[in-house]
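Novice: 3D model of this:
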Amino acid sequence: MTRDRRLVIAAGLNVVIVVVQIVYGIRAKSLGLIADAGHNLTDVAALALSWWAVHLIRRSPNAKQSFGYHRSGILAAQANAAMILIATAFIVYEGVQRLVHPTQVRGLVVVVVAGIGLAVNAAAAVMVNDHSGDLNMRAALLHMLGDAGASAGVVVAGLIIFLRSGSERLDPAVSIAIGLYIAWRAVRLLMATTDILMEATPSSIDMPALREAMRAADGVDSVHDVHAWSLSGDLHALSAHLVLRGHPTLEEAQVVGERVKHVLSDHFAISHATLELECEPCADHESDCLPMPNAADVGRATPHAHHR
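Specialist: Numbers count the residues shown, from 1 in each chain. Okay, here's the model as predicted:
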């Protein structure tokens with residue numbers, strides 16, 4: 001099943017449960033249900049945003065967006081995490097008010113409606129979990145898992161309130177606890193997406209091991225000026241300077257470059273690599289240091305002199 005279809009189905013499920021939880025949350029005077037509905041409402045917006053990002057990612061690169069629209073998924077993930085934090089702040093505030101001024105809660109109604117919400121959110125979580133490293137889909141999954149956990153907590157709280165009178169403060173307490181947990185997960189997601197936007201080295205890549213693997217390739221003498229970053233959660237890129245052994249021809253340099261690219265792709269999941277091929281070590285700060293052409297990319301470059 002395609003990602004956009006998964007997101008549409010999950011959003012539809014959430015629309016249904018939002019309506020049910022708001023109506024019965026007001027009737028039962030349960031902040032837990034209303035808080036759960038609030039999370040589900042942000043889910044609808046988040047899933048719509050994720051769906052739009054999936055469609056943007058499919059657009060072909062153009063003159064203005066030469067790398068395509070892969071970062072749209074990262075921006076959607078950031079926006080989703082921000083929405084989670086805003087909703088959580090509101091829920092925590094309301095929860096504190098309810099702890100100070102407890103309200104009679106109809107426990108049985110809470111148990112039934114939250115149980116339905118738990119089932120729906122669990123189904124939605126299964127739907128959006130495509131087992132990929134895509135942060136956009138991971139953000140959508142976080143929404144679903146957070147709401148499933150929230151519904152489970154509300155079910156437990158409602159059951160205790162139903163069986164034991166005087167436990168009304170448990171409803172807002174559970175809402176606060178769940179909200180803080182979800183906020184913690186959202187902060188972690190924000191940190192991961194910020195790393196990508198700041199072009200940090202992907203956490204899955206061991207740079208010393210990567211450098212050593214490049215140096216170990218046949219025909220490579222040394223490696224320097226290595227930079228690795230991510231275009232999205234599962235699309236990594238790299239640029240580096242390779243000093244080749246001896247003074248190879250352009251054709252021989254191409255072979256070495258392609259060999260290194262295969263190492264990067266097979267062992268480090270780097271799908272886009274730009275390699276500067278040199279015959280002698282290049283002092284990166286010297287303006288008169290001209291590397292060999294990017295023969296590893298396509299092979300349409302022409303030879304240049306390398307001055308020292």
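Novice: quick one: buried residues of the helix or strand containing residue 4?
Specialist: Per DSSP states H and E, residue 4 falls inside helix 3-28. By neighbour count with 16 or more other Cβ atoms under 10 Å, helix 3-28 contains the buried residues 3, 6-7, 9-11, 13-14, 17-18, 20-22, 24-25, 28. For glycine as for every other residue, the C-beta is placed from the backbone atoms N, C-alpha and C.
Novice: could I get the full set of strands for the chain?
Specialist: For the chain, strands defined by DSSP state E occupy the ranges 220-232, 235-244, 270-278.
Novice: now those strands as a markdown table including mean pLDDT and mean neighbour count?
Specialist: Shown next, in a markdown table, are those (pLDDT from 0 to 100; neighbours: other Cβ atoms under 10 Å):
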| stretch | mean pLDDT | mean neighbour count |
| --- | --- | --- |
| strand 220-232 | 90 | 18 |
| strand 235-244 | 92 | 21 |
| strand 270-278 | 91 | 20 |
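Novice: and the helix holding residue 4, average pLDDT?
Specialist: Helix 3-28 shows a mean pLDDT of 82.
Novice: what is it packed up against?
Specialist: helix 31-57, helix 107-128, helix 135-163 (3 or more Cβ pairs under 8 Å, 6 or more residues apart in numbering; DSSP states H and E).
Novice: that helix vs helix 107-128, what angle?
Specialist: 170 degrees (axes from the mean of the first three to the mean of the last three Cα atoms, to 10 degrees).
Novice: low-confidence stretches in this protein?
Specialist: 1, 32, 36, 39, 132-136, 233, 282-308 (pLDDT under 70).
Novice: what's the domain layout of it?
Specialist: Listed by automatic domain parsing, the domain ranges of the chain are 3-197, 200-308.
Novice: give me whichever of those is most buried.
Specialist: Of these, the one with the most neighbours on average (mean count of other Cβ atoms under 10 Å) is domain 3-197, at a mean of 20.
Novice: from the chain's centre, how far out does that domain sit?
Specialist: Distance of domain 3-197 from the chain centroid (Cα atoms, centre = their mean, to the nearest Å) equals 16 Å.
Novice: which residues are in contact with residue 186?
Specialist: By Cβ atoms under 8 Å, 6 or more residues apart in numbering, the contact set of residue 186 is 81, 82, 84, 85, 88, 142.
Novice: so which of the residues you listed sit within helices?
Specialist: Cross-referencing the contacts of residue 186 against helices under DSSP state H gives 81, 82, 84, 85, 88, 142.
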